[in-house]
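1. Quick check, what structure comes out for this input:
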Amino acid sequence: MEHAIYLVTLIGTGLVVAAAFSSLIAFRFGAPLLLLFLGIGLVSGGDGLGIQFDNARVAYFAGSLALAIILFNSGFSTSLKVLRQAALPALTLATAGVLVTTGVFGVAVYYLLGLSWLESFLLGAAVASTDAAAVFFLLRAGEIHLRERVRSTLEVESGTNDPIAIFLTITLVEIIAVHGNPQANALFIDLVVGFFLSMGLGAIVGLLGGFAIVRLVDRLNLDHGLLPIFVLTLSLMVFAAAGAIGGSGFLAVYLAGLVAGNSDIRAVTMLKRFQDGMSWLAQIIMFLVLGLFATPSQFSALLVPAVLLGLFLVFVARPVAVWLCLAPFRLPRPEVAFISWVGLRGAVSILLAITPLLGGLENGRTIFNTAFIVVLVSLVVQGWTVGPLARRLGLIVPARLGPLDKVELELPGSARHELLAYKVAPGSPVARGERIPRWARPSLVVRDGRSMRFQDMGRLAAGDNVYIFVPDRYPRLLDKLFASRALVDPEDADFFGAFAVDPGRPAAELETAYGIGLSEAEHKLSVAALLIERLGGHAEYADRVPIGPIELIVRDVDDKGHIAGVGLSFEPTAPVARVPVFLSAGEIADRVVAFLRDRRRKRGGPQPAPAKEEGKPEAVGETGQPPSQETASEADMGDDAPQAA
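-> Predicted structure coming up:
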């Protein structure tokens, strides 16, 4: 008995260590990390090294707990700024997008696998949600800096679409398990009522649970070593409580993390570090367990139709769902195309495919094996091409900051302040004499092993370690001051334009200098206001607006969304790859109006007015160089520091 305990522990820890080492390979070659985790599980299973694991209940239980931990961390790490920026398109994808994907993919399953309609839609629901871990690992490993709106949409969608897919899958399993054959109207009504009941209860429990977690953490003086475990346990309690009363536990735990992460919770830095580590462990365990549970020798009978279904999901079902959901939002076609491609399937799809086995469905194993192959196809086809596609579509923007050496230290007895330790990087603004704003309190500087007061140091030098006492919600300006220059590809030298323009200057000066053809109303605007108006009311880093013979580029945006730096270029933007589909509703309206106008012109009739531009120009940012520290960074920071003071 004792020997068995040691053997099981050795095997289990060995698999986790192997998965951790595989992350080094993934970072080195940009491979889909979750594919490596699954591969280790498959190789170690009954058809590989011979580890027998065929307990569906244990696999589902372990996977559910792991997913709850991942979703809590996802919510905890999502800022309200990101949520507000992409809430409408992302939530539309997370709800209507899951339904459309389920329906379109279910039709293909019905004709390729010969399952019943309900079983076909069940498989469609199982693979309808995307996997955030796979997407964002690839973005980090490949050092891909996406436009903020695209990144925010993918992040929010992936965190919120799992509960809807889980609800659909479990509901369909229950209907099929009782041999129900409901009429379409009755099934639709049951799904709608059940959906709102499950999501409503989950949302209520999640919001209340999030506020309770914040309140308890602030009220109870727990030891710092116990605090992260306490928060994690409370999050699982929220997950279980919502599920016990018929709500969506997965939605509840995500919302609880969202509330806790965006409040002034104590020890937030330590909690983030702990939850990041637990999220990694949960992903490794979940994929290893699911890989062990699969039986590759059973895949051969389904390989051809399952691969075809995987390709159908990648090239048809997901793009159709994304286009229908994002059509009303007038997003540029390259962004819609990229979002449709980065719909990688992962652990959640395989986990949901276990539910037919738990429900005792006759074709449960067929559904599971097909879903597993579909996930493999998605990871292989989409996982290797995320970076190249983003570059081809012009969605890459330069890094806003170069390398930054920073340590965040929490101070005992000070719930609202932190001690930040920065190492002055060569070429950073502070190394060139930029002052630190007054709201920050530099307390100590360590140089060559000697420590002294900041006031006695004079000008900071590269290699100095500076300790600054700041409020825990400190502005991003400090990171800008201590970061080194961002390294940029030489081909991107002209990304931000050759000249810097003060965003507060009148736009009429540009008209006088370059004859850009402004309207009478636009003459009265500032350069920043002109950009925001041309961009549909919202500007973000690296936006580009061609106006007559020049092009204005947003060099920087502050924490409040105001334009802090503008560049001017005389060179035309290199055209991005044209996407023949994914027209938004606004673009369709423009083309219809243009067609009618041309037709009436030929007939000599009156012409309809062109549709008003509401969104951003189609030419979205391509890779390039950030403004030089001497021009943009110094000017922008010099303006920011007095305002912050």
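2. buried residues in stretch 351-367?
-> In terms of neighbour count (16 or more other C-beta atoms under 10 Å), stretch 351-367 has its buried residues at 351-357, 359, 361, 363-367. The way it works is simple: take the backbone N, C-alpha and C, and place the C-beta from them, glycine included.
3. Looking at the residues you listed, spot the one nearest residue 428.
-> Residue 428 lies nearest to residue 351 out of the buried residues of stretch 351-367, by C-beta to C-beta, at 45.3 Å.
4. A helix includes that closest one, no?
-> Yes - remark: residue 351 belongs to a helix, assigned using DSSP: H, G, I helix; E, B strand; the rest coil.
5. what's near enough to touch it?
-> Shown in contact with residue 351 (C-beta atoms under 8 Å, 6 or more residues apart in numbering): 60, 63, 64, 67, 286, 290.
6. Which residue, neighbours along the chain excluded, lies closest to the last one?
-> Right, residue 290. Nearest non-adjacent residue to residue 290, counting by C-beta to C-beta, 6 or more residues apart in numbering: residue 350, 4.7 Å away.
7. Return the residues in contact with that neighbour.
-> Going by C-beta under 8 Å, 6+ apart, residue 350 touches 63, 290, 294, 368, 371, 372, 375.
8. just the residues you listed now: which is nearest residue 224?
-> Taking C-beta to C-beta as the measure, residue 224 lies nearest residue 63 of the contacts of residue 350, at 30.6 Å.
9. Count the neighbours of the closest one for me.
-> If you count neighbours by other C-beta atoms under 10 Å, residue 63 ends up with 23.
10. What of residue 388?
-> When neighbours are counted by other C-beta under 10 Å, residue 388 registers 12.
11. now swap in the one 3 residues further on and tell me
-> Residue 391: 16 surrounding residues under other C-beta under 10 Å.
12. Then residue 517?
-> Here the number of neighbours of residue 517 (other C-beta under 10 Å) works out to 10.
13. Helix, strand or coil: sort out it for me.
-> Here residue 517 is coil, with the state taken from three-state DSSP.
14. isn't residue 363 right next to residue 115, touching?
-> Yes - using C-beta atoms under 8 Å, residue 363 is in contact with residue 115, at 5.9 Å.
15. For the longest helix seen in the chain, which helices and strands make contact with it?
-> Assignment by DSSP state H gives helix 184-219 as the longest helix of the chain. Contact partners of helix 184-219 among helices and strands, from 3 or more C-beta pairs under 8 Å, 6 or more residues apart in numbering; DSSP states H and E: helix 162-177, helix 227-244, helix 249-261.
16. At the geometric centre of the chain, which residue do we find?
-> Residue closest to the mean C-alpha point of the chain, counted by C-alpha atoms, centre = their mean, is residue 155 at 2.2 Å.
17. Where does it fall, secondary structure wise?
-> Taking DSSP states H and E as the definition, residue 155 sits inside helix 148-160.
18. ok and that helix relative to helix 249-261, angle-wise?
-> Counting by axes from the mean of the first three to the mean of the last three C-alpha atoms, to 10 degrees, helix 148-160 lies at 130 degrees to helix 249-261.
19. Please name every helix or strand in contact with helix 148-160.
-> Under the contact rule (3+ C-beta pairs under 8 Å, 6+ apart), helix 148-160 is packed against helix 56-77, helix 80-92, helix 132-141, helix 249-261, helix 333-341.
20. right, so those: which one is the most enclosed?
-> Comparing the helices and strands packed on helix 148-160 by mean neighbour count (mean count of other C-beta atoms under 10 Å), helix 249-261 ranks first with a mean of 28.
21. Enumerate the positions of whichever helix or strand comes after that helix that are buried.
-> The helix or strand immediately downstream of helix 249-261 is helix 268-293, counting by DSSP H and E. The neighbour-count check on helix 268-293 (16+ other C-beta under 10 Å) flags 268, 270-272, 274-275, 278-280, 282-293 as buried.
22. Kindly report the same for stretch 99-113.
-> Buried, per 16+ other C-beta under 10 Å, within stretch 99-113: 99-110, 112-113.
23. now, which of the residues you listed sits nearest residue 549?
-> Residue 549 has its nearest neighbour among the buried residues of stretch 99-113 in residue 100, at 43.6 Å by C-beta to C-beta.
24. ok, residue 70 touching residue 284?
-> No - using C-beta under 8 Å as the test, residue 70 is too far from residue 284 to be in contact (11.0 Å).
25. Now the common contact residues for these two.
-> By C-beta under 8 Å, 6+ apart, residue 70 and residue 284 have no common neighbours.
26. Need the nearest residue in space to residue 172, chain neighbours excluded.
-> In space, and not counting its chain neighbours, residue 172 is closest to residue 122: 4.3 Å by C-beta to C-beta, 6+ apart.
27. ok, the closest residue to residue 424 other than its chain neighbours - how many residues close by?
-> Nearest-residue entry for residue 424: residue 464, 4.5 Å, with adjacent residues in sequence omitted and distances by C-beta to C-beta, 6+ apart. A count of nearby residues for residue 464, using other C-beta under 10 Å, gives 19.
28. cool, and the one 3 residues further on?
-> Summarising burial for residue 467: neighbours were counted as other C-beta under 10 Å, giving 18.
29. Quick check: chain neighbours aside, which residue is closest to it?
-> Counting by C-beta to C-beta, 6+ apart, the nearest residue to residue 467 once its immediate chain neighbours are dropped is residue 444, at 4.3 Å.
30. What residues sit buried inside the helix or strand that neighbour falls within?
-> Residue 444 is located in strand 441-447, with elements delineated by DSSP H and E. Buried residues in strand 441-447, counting neighbours by 16+ other C-beta under 10 Å, are found at 442, 444, 445, 446.
31. Looking at those, which is nearest residue 186?
-> Closest to residue 186, out of all of these and judged by C-beta to C-beta, is residue 442, at 68.6 Å.
32. isn't that closest one right up against residue 454?
-> Yes - using C-beta under 8 Å, residue 442 is in contact with residue 454, at 3.8 Å.
33. Can you name the residues that contact residue 203?
-> Residues near residue 203 by C-beta under 8 Å, 6+ apart: 247, 251, 252, 255.
34. Ramachandran angles for the first one?
-> Translated: residue 247. Dihedral angles of residue 247 (phi, psi; degrees, to the nearest 10) stand at phi -90, psi 180.
35. So which residues make contact with stretch 292-305?
-> With contacts defined as C-beta under 8 Å, 6+ apart, stretch 292-305 is touched by 41-42, 44-48, 51, 53-56, 59, 112-113, 306, 350, 354, 365-366, 368-370, 372-373.
36. I misspoke; the intended subject was stretch 507-522.
-> For stretch 507-522, contacts defined as C-beta under 8 Å, 6+ apart pick out 501, 523-527, 529-530, 533, 547-550.
37. among these, which two are most distant?
-> Top of the distance list for the contacts of stretch 507-522 (C-beta to C-beta): 524 and 549, 21.7 Å.
38. Helices along the stretch 401-550 of the chain, start to end?
-> All helices of the stretch 401-550 of the chain, identified by DSSP state H, counting those that start in this stretch, fall at 477-482, 508-514, 520-523, 527-534.
39. Just the buried positions in the second one, please.
-> When neighbours are counted by 16+ other C-beta under 10 Å, the buried residues of helix 508-514 are found to be 508, 510, 511.
40. Considering those residues, which is situated nearest to residue 13?
-> Ranked by distance to residue 13 (C-beta to C-beta), the buried residues of helix 508-514 are led by residue 510 at 64.1 Å.
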